[in-house]
Every structure is written in C-alpha cells, then in structure tokens.
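S.K.: sequence first, predicted model second:
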Amino acid sequence: VASVSISPHGKGQTGQGGGLGTMLGSLVRSGTYSTSRDDFRAGLGDWQGAGFSGSWVRDHGYVRPVGGVRIWDRSAALSDYEFEFMGQIQHKSLDWAFRASDPRNYYATKLTMGRAGPLPNAGLVRFIVLDGRERERVELPLPLTLESGVDYRVRVSVRGNRFLTSVNGQLVSSWTDARLSRGGVGFFSDDGESALLKWVSV
C-alpha cells in the first residue's frame, strides 16, 4: 500500500488506490438522501447516553466527548447511511460508533495517532460491543501521517453488512459484519484519550 500524507484541508496524496476512492465516491453519490447536520451550537440535548463517566463540554467552537458512548437521537432509527464528521485528535485517538442501538450495542472505530514525525504514524482500531462487552478488537496500521490539533474529515459508509471508512477522501478501511442491522451514530472517549468534534452529518 502506498504511503499517504494527509493534508489538513484536502485529500491524501497517493500513487495507488484511486479506484477505492472512486468506489467510495460512487456509493455516496448513488441514491437520494435526507441529511441531518449538527454543529453543536444548539447544545447537546439530541445526544443521549447511559453510564458515561463524564460530560461533553464545549471548547472554542468544538465539542469534547468525555466518557462512554453518546448516541445522536436523530440517527437512532437508521439502518443504512453515510456518516460524516469533522474532528481532531488531541491525545491518542478519535473514537466513534455506528449502528448503535443503545450504549451497550454498537460498532466502534478509533483513529489513532502514534509517535509524532513525518513518517506514517496512524492506526485504526475496530471492534463490536455486544451486551456491554467489547469483542473482536482488530488493530491495523494505516499509511497516513496525522497531526495533533488538525481537523480531519471522516466519512463512514454503512450499507448492509459492509462498512467503508475514509479520512480526507482517502479510503482507509473496508470490513463486513452482519450482527447489528440498525442503530445510530455516536462518539465516546476512553481513559487517556482526547479529541474534539466540529460537526457531524448523517
């Protein structure tokens, strides 16, 4: 896989893998969708969770998720959708959930940042939470270079049993699972992690 340097405001540059990006774009463009968007200016009343160990806080136009997963009410009844958000890693990782029927059942992904420097320093962690228990964690290195405090645009395509994830237009993950068929999107932050969210749309 070719190494990719992610620009803070544009697509990753690579000499390989353009077909995957085109495939993702085609999925996004096909069909007609009703889009909901939240930039958190109206507060956090639409974001619900249970058992989380902290409160989300506003931080200079961003929101900082703290504790267990909180789910966006507007997305809770959905099955197939395009999930997109702008966020940045402050420390360790940026964490999100999809097909979350409740705070005890969801698919989870983490975009992680390792050592600082010009070489690829990113990873992706994915797992499923069933009945409140994490299962089948997979950790993958990514050919990306990430920076702390820089905005990144993440898109997740949730279609049937297939899930595609891109960062700034570069496809970084494709996997399948059929155990959860419906549920909304959410965010969380485990101990020692810190991230900021600017907006989210579904």
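M.R.: Received it, and whenever you're ready, just let me know what you need. Values in this document were obtained by computation on a predicted structure and should not be read as measured data. Numbering: from 1, shown residues only.

S.K.: all contacts plus neighbour counts: C-alpha atoms, from now on.
M.R.: Fine.

S.K.: the host helix or strand of E82: partners in the sheet, and parallel or antiparallel?
M.R.: The secondary structure element spanning E82 is strand 81-91 (assigned by DSSP states H and E). Each strand that strand 81-91 pairs with, and the sense of that pairing, follows from DSSP bridges: strand 152-159 (antiparallel), strand 194-201 (antiparallel).

S.K.: closest one to R58 among these?
M.R.: In this view, the strands paired with strand 81-91 are compared for proximity to R58 by C-alpha to C-alpha, and strand 194-201 is the closest at 9.1 Å.

S.K.: what residues does that closest one touch?
M.R.: Outside strand 194-201, the residues within contact range by C-alpha atoms under 8 Å, 6 or more residues apart in numbering are 35-40, 61-66, 83-95, 189.

S.K.: quick check, pLDDT for V4.
M.R.: Predicted confidence (pLDDT) for V4: 40.

S.K.: rewinding a little: from the contacts of strand 194-201, list the buried ones, please.
M.R.: The neighbour-count test (16 or more other C-alpha atoms under 10 Å) applied to these identifies 38-40, 62-66, 83-95, 189 as buried.

S.K.: hang on, the earlier thing: can I get the strands paired with strand 81-91 in CSV with distance to V185, mean neighbour count and mean pLDDT?
M.R.: What follows is those, written out as CSV (distance: least, C-alpha to C-alpha, whole Å; neighbours: other C-alpha atoms under 10 Å; pLDDT from 0 to 100):
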stretch, distance to V185, mean neighbour count, mean pLDDT
strand 152-159, 10, 21, 98
strand 194-201, 9, 21, 97
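
S.K.: of all those strands, which one is nearest R179?
M.R.: Counting by C-alpha to C-alpha, R179 lies closest to strand 152-159 out of the strands paired with strand 81-91; the figure is 13.1 Å.

S.K.: and the next helix or strand past the closest one?
M.R.: With DSSP H and E setting the assignment, the helix or strand that follows strand 152-159 is strand 162-167.

S.K.: by contact count, what packs against the following helix or strand past that next one?
M.R.: With elements assigned by DSSP H and E, the helix or strand that comes after strand 162-167 is strand 170-176. With contacts defined as 3 or more C-alpha pairs under 8 Å, 6 or more residues apart in numbering; DSSP states H and E, the packing partners of strand 170-176 are helix 18-29, strand 162-167.
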